[in-house]
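> Model the following, please.
(one chain, ligands or ions: 1)
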Amino acid sequence: MTADNADTGRSLHFEIFRYNAADPDAGPTMQHFYIDETPYMSLFIALNQIRETQDPSLQFDFACRSAVCGSCGMMVNGRPVLGCRTLTADLPGHIRLHPLPVFKLIGDLSVDTGVWFRDMAENTGAWMHTTTPFDPDTREQRMDDELAQAIYEGDRCIECGCCVAACGAANVNPDFKGPAGLNRVARFMLDPRDERDDADWFDIISNQDGIFGCLGMMACSDVCPKQLPLLEVYAYLRRKALTARLTE
Ligand code: FES
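Numbers count the residues shown, from 1 in each chain. Next up is the predicted model:
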């Protein structure tokens, strides 16, 4: 036995939400599993060990295992986190796992965030709106460093859904654009290549499904695994909404 797979002496008690979409009559249950913790054990490692040694039917999602793909969001003791970068050493011995709320449940800990994010993208027009035809022979346009950096900040979102799961407004209003959606809007608003004007933006964000639907609890900012500056994003959107109203 090497130092890396020697156990830490701690037994972990996992209480995991189970739901089989193929057998909806069975209803959801909580199932208990016990494993020995090893050094540097992440939830990815722990869940794979449970699936390999105790229950091959356990459903959960991981792809990149390095906080890039955004597929491993889950509720850990009531808090949305990325499973791949959460170490069991940072958790108590009793770990409760649930799927992210808001999103369509596939089974157990696996949710389909794609439906929500596609709807959000369609509702916010989350793509470049321009009437300028693409000319492959034109030289690239230069952009101010500070502006490029601000746009890049918005693009760092990995769409894991943790902010949406933590958001009180998104939990009760399925049409709310959510922190990830508002961040997306701000990213295109900042971009000078997007030709939408103040009136267009006003229609998208100045309502209860947009920036004025935010309840101000700021859980999104607390849980974002990428530490996106969401509070600055909301302040920016509120200022833009006000400016658009004044120039109407
Ligand atoms: S597995 Fe890709 S973000 Fe966790």
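
> Please report how far the residue lying closest to R156 once chain neighbours are set aside lies from A241.
Spatial nearest neighbour of R156, excluding adjacent residues (Cβ to Cβ, 6 or more residues apart in numbering): K226 at 5.2 Å. C-beta here means a position set from N, CA and C on the backbone, and glycine is covered the same way. According to Cβ to Cβ, to the nearest Å, K226 and A241 sit 25 Å apart.

> Settle it for me: which of these two has more neighbours?
Using other Cβ atoms under 10 Å, the more surrounded residue of K226 and A241 is A241, with 20 against 16.

> Apart from its chain neighbours, what residue comes closest to the more buried one?
Nearest non-adjacent residue to A241, counting by Cβ to Cβ, 6+ apart: S206, 4.3 Å away.

> Let me know the distance separating that neighbour from the ligand.
Note on S206: its distance to the ligand, by Cβ to the nearest ligand atom, to the nearest Å, is 33 Å.

> okay but that residue is in contact with A199, surely?
No. If you go by Cβ atoms under 8 Å, S206 and A199 don't touch, sitting 10.2 Å apart.

> residue ranges for the strands of this protein, please.
Along the chain, counting by DSSP state E, strands occupy 11-18, 29-36, 73-76, 79-82, 94-98, 104-107, 110-112.

> who in this structure is up against the ligand?
Selection of the chain residues close to the ligand by Cβ under 6 Å from any ligand atom yields 62-65, 67-72, 82, 84.

> Determine which residue lies closest to the centroid of this protein.
The chain has G161 as the residue nearest its centroid, 2.1 Å off, counting by Cα atoms, centre = their mean.

> burial count for the nearest residue to that residue once chain neighbours are set aside?
Nearest residue to G161, sequence neighbours excluded (Cβ to Cβ, 6+ apart): T113, at 4.4 Å. The number of residues packed near T113 is 21, by other Cβ under 10 Å.
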